[in-house]
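Engineer: Everything below, folded, please.
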Amino acid sequence: MATTAATAWKPPRFLELAAHPLRWRILVELARSDRRVRELCDRLEEPQPLISYHLRRLQADGVVERRRSSFDAREAYYGLDLGRCKELLAESGRVLHPGLRFSPHRPAVSRPAAHRQPVRILFLCTGNSARSQIAEALVEAAAGGAVEAASAGSAPKPVHLNAVRVMRGHGVDLSGRRSKHLSEFAGQRFDYVISLCDRVREVCPEFPDQPNLIHWSIPDPAGEGTTGDESYAAFERTAGELAARIPFLLELIEFDLQAREVSTG
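Structural biologist: All right, here's what the predicted structure looks like:
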């Protein structure tokens with residue numbers, strides 16, 4: 001009985017992990033964008049050894065993921081696994097009271113009023129042949145016309161056949177799409193510019209009206225050096241990761257829209 005009582009009174013592991021003030025600030029930063037250690041140090045004004053220590057703690061619990069930068073192999077990007085966080089928060093709520101369990105729901109973005117411009121997103125990667133094309137298509141399918149999505153690359157290549165094949169399995173046809181250079185969108189207004197490639201992040205141009213800049217460090221599935229079924233599997237992993245991230249992006253957009261409406265009265 002003593003062990004059972006002690007277990008009942010012990011806070012869930014995730015709450016203990018996230019309760020540390022600096023770890024919480026790191027989680028908040030990574031919730032919006034993947035970042036390098038030096039960026040976290042600058043934004044949080046804390047020394048690198050301390051940031052690295054807490055990142056290791058978050059990695060050990062499977063909350064944060066680390067990926068070597070494809071632009072500079074000496075650096076790495078850290079990203080928050082929002083799906084894992086949602087599971088852990090749901091479990092924490094259930095432990096406190098069954099009525100606090102999260103209920104899954106389909107994310108939705110409010111359609112803009114007639115006088116308001118629609119939300120616009122631009123996805124960027126190097127070739128605009130797979131990652132950004134897949135992301136664009138997934139947003140279009142999930143947002144139901146409430147969001148305008150586009151994609152481009154710094155060195156465009158034809159849309160990859162495996163990207164077409166994988167997305168066909170998701171009920172989306174990419175076969176008629178073309179790759180575009182990011183210069184085609186110079187001067188256009190976007191609310192969110194999301195780089196999916198470490199390389200293109202370094203050459204991303206400035207856009208009017210200071211859009212929200214977000215980075216997702218996602219490897220190029222065509223650059224993994226695989227062939228046949230292994231190559232197709234790499235594209236499946238990429239589509240799966242994007243499909244997991246995009247619902248959270250739409251939730252963020254809806255939150256930002258509501259906050260903007262409140263602030264403007």
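
Engineer: what comes up buried for stretch 239-246?
Structural biologist: Ala239, Glu241, Leu242, Arg245, Ile246 (16 or more other C-beta atoms under 10 Å). (C-beta placed from N, C-alpha, C; glycine too.)

Engineer: give the contact list for the closest residue to the last one other than its chain neighbours.
Structural biologist: If the residues on either side of it in the chain are set aside, Ile246 comes closest to Leu138, at 5.0 Å by C-beta to C-beta, 6 or more residues apart in numbering. With contacts defined as C-beta atoms under 8 Å, 6 or more residues apart in numbering, the neighbours of Leu138 are His170, Val172, Ala239, Leu242, Ala243, Ile246.

Engineer: Ok, Arg68 next?
Structural biologist: By C-beta under 8 Å, 6+ apart, the neighbours of Arg68 are Glu75, Ala76.

Engineer: what are the phi and psi angles of it?
Structural biologist: phi -70, psi 140 (degrees, to the nearest 10).

Engineer: From Asp198, how far out is it?
Structural biologist: Separation of Arg68 from Asp198 (C-beta to C-beta, to the nearest Å) stands at 9 Å.

Engineer: if we can go back for a sec, just the buried residues of stretch 239-246 now: which is nearest Glu91?
Structural biologist: Arg245 (21.2 Å; C-beta to C-beta).

Engineer: give me the element the closest one is part of.
Structural biologist: Using DSSP states H and E, the element containing Arg245 is helix 228-263.

Engineer: Identify each buried residue in that helix, please.
Structural biologist: Buried, per 16+ other C-beta under 10 Å, within helix 228-263: 231-232, 234-236, 238-239, 241-242, 245-250, 252-254, 257.

Engineer: before we move on, what about stretch 163-173?
Structural biologist: Going by neighbour count (16+ other C-beta under 10 Å), the buried part of stretch 163-173 is Ala163, Val164, Val166, Met167, His170, Val172.

Engineer: Ok, stretch 14-30 next?
Structural biologist: Buried, per 16+ other C-beta under 10 Å, within stretch 14-30: Phe14, Leu17, Ala18, Arg23, Arg25, Ile26, Leu27, Glu29, Leu30.

Engineer: Switch those residues over to JSON lines; also include secondary structure, distance to Cys125 and pLDDT.
Structural biologist: Putting the buried residues of stretch 14-30 into JSON lines (DSSP: H, G, I helix; E, B strand; the rest coil; distance: C-beta to C-beta, whole Å; pLDDT from 0 to 100) gives the following:
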{"residue": "Phe14", "secondary structure": "helix", "distance to Cys125": "32", "pLDDT": "92"}
{"residue": "Leu17", "secondary structure": "helix", "distance to Cys125": "32", "pLDDT": "93"}
{"residue": "Ala18", "secondary structure": "helix", "distance to Cys125": "31", "pLDDT": "94"}
{"residue": "Arg23", "secondary structure": "helix", "distance to Cys125": "31", "pLDDT": "97"}
{"residue": "Arg25", "secondary structure": "helix", "distance to Cys125": "29", "pLDDT": "98"}
{"residue": "Ile26", "secondary structure": "helix", "distance to Cys125": "26", "pLDDT": "98"}
{"residue": "Leu27", "secondary structure": "helix", "distance to Cys125": "26", "pLDDT": "97"}
{"residue": "Glu29", "secondary structure": "helix", "distance to Cys125": "23", "pLDDT": "97"}
{"residue": "Leu30", "secondary structure": "helix", "distance to Cys125": "20", "pLDDT": "97"}
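
Engineer: I appreciate the help and will end here.
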